[in-house]
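Colleague: Dropping the sequence and predicted coords here.
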2 protein chains.
Amino acid sequence: MRIDSVDLFYLRMPEVLDIGDGSQDALLVRVVAGGVTGWGEAEASPLTSIASWIAPMSHSACHPVIDSVLGERIDSVADILAITRKVRGNSFYAIIQSDLTLSGIEIALWDLLGKVKEEPVYRLLGYPRAERKQPYASVLFGDTAEETLQKAIHIRKEGFGAVKFGWGSFGRGSVVADRDQIHAAREGIGMGAHLMIDAGTAFGEDVQAAELRLPALAEAGVLWFEEPFAAAALSCYAQLAKSSQNVRLAAGEGSHNPYQAEHLIDYGGIGFVQIDTGYVGGIADAYRVAQYAAARGVQFVNHTFTSHSALAASLQPFAGVKEFWITEYPIEAKSLCSELTTNKIEIGSDGMISVPDRPGIGIEISLEAVKKYVVDVDIRVAGRVLYVTPKL
Amino acid sequence: MRIDSVDLFYLRMPEVLDIGDGSQDALLVRVVAGGVTGWGEAEASPLTSIASWIAPMSHSACHPVIDSVLGERIDSVADILAITRKVRGNSFYAIIQSDLTLSGIEIALWDLLGKVKEEPVYRLLGYPRAERKQPYASVLFGDTAEETLQKAIHIRKEGFGAVKFGWGSFGRGSVVADRDQIHAAREGIGMGAHLMIDAGTAFGEDVQAAELRLPALAEAGVLWFEEPFAAAALSCYAQLAKSSQNVRLAAGEGSHNPYQAEHLIDYGGIGFVQIDTGYVGGIADAYRVAQYAAARGVQFVNHTFTSHSALAASLQPFAGVKEFWITEYPIEAKSLCSELTTNKIEIGSDGMISVPDRPGIGIEISLEAVKKYVVDVDIRVAGRVLYVTPKL
């Protein structure tokens, strides 16, 4: 069958705050073929990605994404891979936002194909079953160490056996302040839980500044230290990896193609590669990274800070790999993201989760929520309407 | 002084063809501060970059570029570097198109600062003088080897001592067809001129396919073999570099930050690093790559396929380095690009060029051409007008 329609929706909260919380808006993609609907989300500035979807062609390497998707065949996994190749082949120069836009579309295509074939996506990827995984709560540091302590105590009480703290003022103040934050987090969750720390690229290219945080991280026995540097500062990662024998590094969420994630493994010395399926190019590209990591003794982890639809899409690529046991689980998402799906990936009585055993990505979108949060967009070039928010 | 206004213009030819010719449209940036105007061009899908300029904030790492530029101080080189840091710090996730948008703005800031200080940009960068450089003509392969031969003869007659052929069907047909194209190019320009071949990423990740082209490239004595693979396929570059002792590799035009160019040097084994100042983040980031290359015995070359304004901006970062002797010189640009500037970088009687000894980037924009080619754009979100084409 042919792809009949592809619609992009810009959803957002009534108020968007200047904080490290990616759940305040969303780019939602709906694909229809043969009367079946698939949904996907991209981790992308919605307006910028919508522009990359319909921007007039600049030259043969700078097509809008729409040129490579609409009207294509979608009967098999091979068709999805062919569409990705086409987008990457037609839109690889001067329209780099297209990598993110593609991610949302590709996920929607898998969701659609899974529904048509009545199979969960992980089975289309060749995994016989989805393994149970340990969810970790991903939360922002408190403004003070005391606030972080209280947050940590609260999260531990909710039953999470693994917690990640990040962003806020971490890495932007003194070494002592960061040490206090790390220790507060550890004290709050106790010794029985896994602790991870996310610097949110705060140290830029300053290896020494990051090294000064290592003793506290080692004392607190963190599972990983995440994104100390700019996503592409490979030599900084490599240097820090050498001097941080007791602290493994994690990075990769900024990878907008599989190569960048592979470089962090090959040249950056990371121990955990974190992939956002809605950013890296979609499910097949995330799967490629998972296989690459598995072959090199690096652990693959999803990056998900938004909805359970994004979570389900991010779990599929490594659902069947038992060694990849930990998974990011958003717990502070704004109402937009919590209302967006009619079902959720619930934490079981064993404290574990797995991807739903349902066709497609296994999560249903709430049309009501889409209607509630959708924002009208209108883009005209030379008097021609190139985009208006599609009908629901 | 403060930046009073920043305006982005989408210019384009009445007809845009599906060919590898980046001169068919342009994203032009005008910055005004203290009554002085600076101009810059980004190598970017104009509509997508305009969206990244004004897109509503998604979260603290996904600001529109405008948030980090408008109202900032611009009195010194340090101020330009601070603006780049601010853009990269506020817009590093989910709005990756911002790297290209930044490039055009940053160039306009240098142009403005040079005009205020009555100095060419290369002197603000610390180079005492601009060295003469050998321009190479950059042209598309003909559809047939015979057509390429005639093109090559014609270009050689025009006096170019170095010619690059690329794109078209190269790498997309048989090894024999490519060999014939390479030999036709060499035959047409003669043995006395430098020949370069640009595969335009045609081989994706297929190292073997690229290797099959090496004998013809070596026979023809090419100066470099450009972009056989996807821009980020570092391990492919490294593999081919090992087996191509007689043929040096060139790449880098796809670098939208300095890191990516540095990775091609550190891990890809390239001999020439090609940087588009309107893509990598602007003049300071291109300068960073030039210094990095110089320290590692790799030759820096500009990537410029559009206007003489883009050419002047791309020459500044390596203007003062004598060892970087060759420079891309667009000769097939569409009328939009040839009319865009009131002065040009002319080839001297010695067959050489240098960046103009004039304040700023040294090239003036024709307001008449801007008026002729500008396209009306109108972007509304939730009923609010976020962008309309600015007045000239």
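Modeller: Yep, it's here.

Colleague: Quick check: residue A:343 touching residue A:361?
Modeller: No - using CB atoms under 8 Å as the test, residue A:343 is too far from residue A:361 to be in contact (11.0 Å). Glycine gets a C-beta too; all of them are placed from N, C-alpha and C.

Colleague: ok, and does stretch A:141-151 reach over to chain B?
Modeller: No - counting by CB under 8 Å from any CB of the partner chain, chain B has no neighbours in stretch A:141-151; the shortest distance is 13.2 Å.

Colleague: distance between stretch A:313-328 and the chain's centre?
Modeller: Relative to its chain's centre, stretch A:313-328 lies at 13 Å (CA atoms, centre = their mean, to the nearest Å).

Colleague: what residues are up against residue A:298?
Modeller: Residues near residue A:298 by CB atoms under 8 Å, 6 or more residues apart in numbering or on different chains: A:265, A:270-273.

Colleague: Contacts only, for residue A:374.
Modeller: Residues near residue A:374 by CB under 8 Å, 6+ apart: A:9-11, A:389, A:392.

Colleague: and which of those is nearest chain B?
Modeller: The closest of the contacts of residue A:374 to chain B turns out to be residue A:10 (CB to the nearest CB; 7.4 Å).

Colleague: any idea which element the closest one lies in?
Modeller: strand A:3-12 (DSSP states H and E).

Colleague: Now that strand: buried residues?
Modeller: Residues of strand A:3-12 classed as buried: A:3, A:6-12 (neighbour count, 16 or more other CB atoms under 10 Å in any protein chain shown).

Colleague: Quickly name whichever of those residues is closest to residue A:378.
Modeller: If you rank the buried residues of strand A:3-12 by distance to residue A:378 using CB to CB, residue A:10 comes first, at 11.1 Å.

Colleague: Just the pLDDT at the closest one, thanks.
Modeller: Residue-level confidence at residue A:10 comes out at 98, pLDDT.

Colleague: Can you give the distance from the helix or strand where residue A:291 lies to the centre of its chain?
Modeller: Here residue A:291 is covered by helix A:283-294, with elements defined by DSSP H and E. Distance of helix A:283-294 from its chain centroid, counting by CA atoms, centre = their mean, is 14 Å.

Colleague: ditto for stretch A:357-377
Modeller: Remark: stretch A:357-377 is offset 17 Å from the chain centroid, using CA atoms, centre = their mean.

Colleague: What is the end-to-end distance of it?
Modeller: Start-to-end span of stretch A:357-377 (CA to CA, to the nearest Å) is 36 Å.

Colleague: Please apply the same query to stretch A:205-214.
Modeller: According to CA to CA, stretch A:205-214 extends 16 Å from its N-terminal end residue to its C-terminal end residue.

Colleague: tell me the mean pLDDT for that stretch?
Modeller: When the per-residue pLDDT values of stretch A:205-214 are averaged, the result is 97.

Colleague: Is there proximity between that stretch and chain B?
Modeller: No - residues of stretch A:205-214 contacting chain B under CB under 8 Å from any CB: none, with a closest distance of 9.2 Å.

Colleague: Next, the residues that contact that stretch from outside, please.
Modeller: A:171, A:175, A:178-179, A:182, A:199, A:203, A:225, A:228-230, A:233, A:236, A:239-240, A:243-244, A:246-247.

Colleague: Please pick the buried ones from the residues you listed.
Modeller: The neighbour-count test (16+ other CB under 10 Å) marks A:171, A:178-179, A:182, A:199, A:203, A:225, A:228-230, A:233, A:236, A:239-240, A:244, A:247 as buried among the contacts of stretch A:205-214.

Colleague: Restricted to helices, list those.
Modeller: For the buried ones among the contacts of stretch A:205-214, membership in helices holds for A:178-179, A:182, A:236, A:239-240, with DSSP state H as the criterion.

Colleague: Dump the residues you listed to a markdown table, plus pLDDT and distance to residue B:261.
Modeller: Written out in a markdown table, the entries for those read as follows (pLDDT from 0 to 100; distance: CB to CB, whole Å):
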| residue | pLDDT | distance to residue B:261 |
| --- | --- | --- |
| A:178 | 97 | 32 |
| A:179 | 98 | 36 |
| A:182 | 98 | 35 |
| A:236 | 98 | 16 |
| A:239 | 97 | 19 |
| A:240 | 98 | 22 |
